[in-house]
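Enquirer: A structural model of the following input is requested.
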Amino acid sequence: MALETVSETKCFGGNQGVYRHTSTSTGTDMTFQVFVPEHREGEKLPVLWWLSGLTCTHENAMIKCHYHQACAEHGVILVGPDTSPRGEGVPDDEAYDFGQGAGFYVNATQEPWAKHFQMRRYVEEELPALVAENFPVDMERQGISGHSMGGHGALTVSLRNPGRFRSTSAFSPIVSPMNCPWGEKALTGYLGDDRDAWREYDACALIEDGARIDHLLVEQGRADNFLEDELKTWLLEDAVRKAGMNASIAMQEGYDHSYFFVSTFIAEHIKWHAERLKA
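Expert: Have a look, this model is predicted:
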């Protein structure tokens, strides 16, 4: 599969790259970013997938997350895709929480979204194969993380793919899209009215239905203005407790929903992932 290099920049001894390719999943060009730490020739490194939130592109985390130093220190590659298909002919919505920039990591079944909005297939199948072919990744050592809508993506991708990820974390995740306005709008629009079809895109429902994650870390700010109506972290706390799942869900006083919050704790998350990816 042809891969176009958009940019490559030396950073903390490694390479921060941005790449573009034509996606068979979305039928569009897709852009993603990869940070590869300095490493020995021929060495393969563990990989951490980062899924971003509403309105974001591949660029937000790359600029605002401040993960480079920790990834370089612990020898972890980080890959961050865009949050939706984009471009000429791709449908959109005037609202920030639906359409382009708001793919919710689902495979849409409803028109006009179904043709291009196949983000689940993109992040679960196509992008991993592309990265494995072109970068020095050890696909036996994968972790996944994300923020907000991307936290929802990280949780659900991991829960649906048992054994693929040695570690899973999330910042301010939408833990139950079936039970919040953001999620209800997106799942109705992309998947239709059959709520049973929504369950595979809801972390709490997946856990209730028997899915499990071995190592889970969640960070949530108590001053997050989306906590009560959209994120509802307590639903995940209830789900993991009932399931007997090993999970650490940290509620951080004074922190909001922004990348200031994410950047405060990202180094701790990368260290946590590295410990499990290198075990």
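
Enquirer: Verify the stated contact: Leu277 with Arg141.
Expert: Yes - counting by CB atoms under 8 Å, Leu277 touches Arg141, with 4.5 Å between them. Backbone N, C-alpha and C define where each C-beta goes, glycine included.

Enquirer: Can you work out which residues contact both of those two?
Expert: 46, 166 (CB atoms under 8 Å, 6 or more residues apart in numbering).

Enquirer: Let me know the secondary structure of Val157.
Expert: helix (DSSP: H, G, I helix; E, B strand; the rest coil).

Enquirer: any idea what sits nearest Thr26, other than its immediate chain neighbours?
Expert: In this structure, Thr26 finds its nearest non-sequential neighbour in Pro85, 3.9 Å apart by CB to CB, 6 or more residues apart in numbering.

Enquirer: Return the per-residue confidence for the one you found.
Expert: Note on Pro85: pLDDT of 98.

Enquirer: what residue is smack in the middle of the chain?
Expert: Leu51 (2.3 Å; CA atoms, centre = their mean).

Enquirer: Now the phi/psi pair for that residue, please.
Expert: phi -110, psi 130 (degrees, to the nearest 10).

Enquirer: Gly143 and Asp82: what is the separation?
Expert: Separation of Gly143 from Asp82 (CB to CB, to the nearest Å) stands at 20 Å.

Enquirer: Ok, Thr26 next?
Expert: 9 Å.

Enquirer: okay, the two: which has more neighbours?
Expert: Using other CB atoms under 10 Å as the criterion, Thr26 and Asp82 rank with Asp82 on top: 28 against 23.

Enquirer: Neighbours of the closest residue to that one other than its chain neighbours, how many?
Expert: Nearest non-adjacent residue to Asp82, counting by CB to CB, 6+ apart: His58, 4.8 Å away. Using other CB under 10 Å, His58 has 22 neighbouring residues.

Enquirer: ok, His58 - contacts?
Expert: Contacts of His58 (CB under 8 Å, 6+ apart): 18, 31-33, 52, 80-82.

Enquirer: before we move on, what about Glu219?
Expert: Per CB under 8 Å, 6+ apart, neighbours of Glu219: 169-172, 250, 252, 261, 265, 269.

Enquirer: Filter those residues down to the buried ones, PyMOL style.
Expert: Under the burial definition 16 or more other CB atoms under 10 Å, those of the contacts of Glu219 that qualify are selected in PyMOL by:
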select buried, resi 169+170+171+172+252+261+265+269
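
Enquirer: and the contacts of Glu219 as CSV, adding pLDDT and distance to Arg195?
Expert: Converted to CSV, the contacts of Glu219 look like this (pLDDT from 0 to 100; distance: CB to CB, whole Å):
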residue, pLDDT, distance to Arg195
Ser169, 98, 28
Ala170, 98, 23
Phe171, 98, 27
Ser172, 98, 24
Ala250, 98, 31
Gln252, 98, 32
Phe261, 98, 31
Phe265, 98, 34
His269, 98, 32
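
Enquirer: now, among the contacts of Glu219, which is nearest to Leu217?
Expert: Ser169 (4.1 Å; CB to CB).

Enquirer: Any idea what that closest one is bridged to?
Expert: Leu217 (DSSP bridges).

Enquirer: Quick check: the gap between it and Ile270.
Expert: In terms of CB to CB, Ser169 sits 9 Å off from Ile270.

Enquirer: just Pro173 next, same as before
Expert: 17 Å.
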